[in-house]
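Novice: Here is my input; please provide its structure:
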Amino acid sequence: MHATTPPASDAQYCTEDEVIALVHRFYARVRQDPDLGPVFDRHVADWPAHLAHLVDFWSALLRGTRRFSGAPMPRHMALPGLTAALFERWLELFAQTTTELGNPVMKAEADARARMIAQRFWQQYQVSGHDAAM
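Specialist: The predicted structure follows:
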């Protein structure tokens with residue numbers, strides 16, 4: 001199976017409503033987190049627009065929709081002070097959220113993709129010359 005496109009025989013891991021719930025619940029949790037909240041609050045000026053963009057992103061990954069456009073890597077590489085611990089915390093909160101949604105197929109796929117994204121971003125962040133200290 002290709003990492004960014006659902007298999008043809010299983011075009012969806014979840015419904016659009018589940019994607020919306022995932023994104024909104026997860027980022028509500030992130031915003032309340034004492035470590036992640038301040039990072040996001042410093043860099044997200046328009047939460048409704050950001051959430052809509054994230055719904056498009058996760059819908060593309062989990063449902064194969066084609067609404068997402070953008071290049072998230074450069075924006076994330078420009079953020080100062082990210083640590084491996086922040087990426088781990090992001091993954092913990094993500095897994096908590098996918099568990100609560102009660103769709104085990106979506107949970108498995110979304111969690112695997114989130115781990116891949118976090119690993120890729122963290123590796124690229126280090127390669128781009130940011131301090132790797134935790």
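Novice: To which secondary structure element is R29 assigned?
Specialist: Per DSSP states H and E: R29 is located in helix 16-32.
Novice: mind checking the SS state of P34?
Specialist: coil (DSSP: H, G, I helix; E, B strand; the rest coil).
Novice: for the protein, what helix or strand is lowest in average pLDDT?
Specialist: Across the helices and strands of the chain, mean pLDDT, DSSP states H and E gives its lowest value to helix 72-77, namely a mean of 76.
Novice: For it, buried residues please.
Specialist: Buried residues in helix 72-77, counted by 16 or more other Cβ atoms under 10 Å: H76. For glycine as for every other residue, the C-beta is placed from the backbone atoms N, C-alpha and C.
Novice: same question, stretch 78-94
Specialist: Neighbour-count burial for stretch 78-94, counted by 16+ other Cβ under 10 Å, picks out L82, T83, L86, F87, R89, W90, L91, L93, F94.
Novice: Widest-spaced pair of those residues?
Specialist: Spanning the widest gap among the buried residues of stretch 78-94 are T83 and F94, at 16.8 Å by Cβ to Cβ.
Novice: A112 - how many residues pack around it?
Specialist: Using other Cβ atoms under 10 Å, A112 has 11 other residues around it.
Novice: Kindly provide the distance from the nearest residue to L82 once chain neighbours are set aside to L93.
Specialist: Distance criterion Cβ to Cβ, 6 or more residues apart in numbering; nearest residue to L82, sequence neighbours excluded, is Y125 at 5.7 Å. From Y125 across to L93, the span is 19 Å (Cβ to Cβ, to the nearest Å).
Novice: now R63, nearest residue through space, not along the chain?
Specialist: Of all residues not flanking R63 in the chain, Q12 sits nearest, at 5.0 Å (Cβ to Cβ, 6+ apart).
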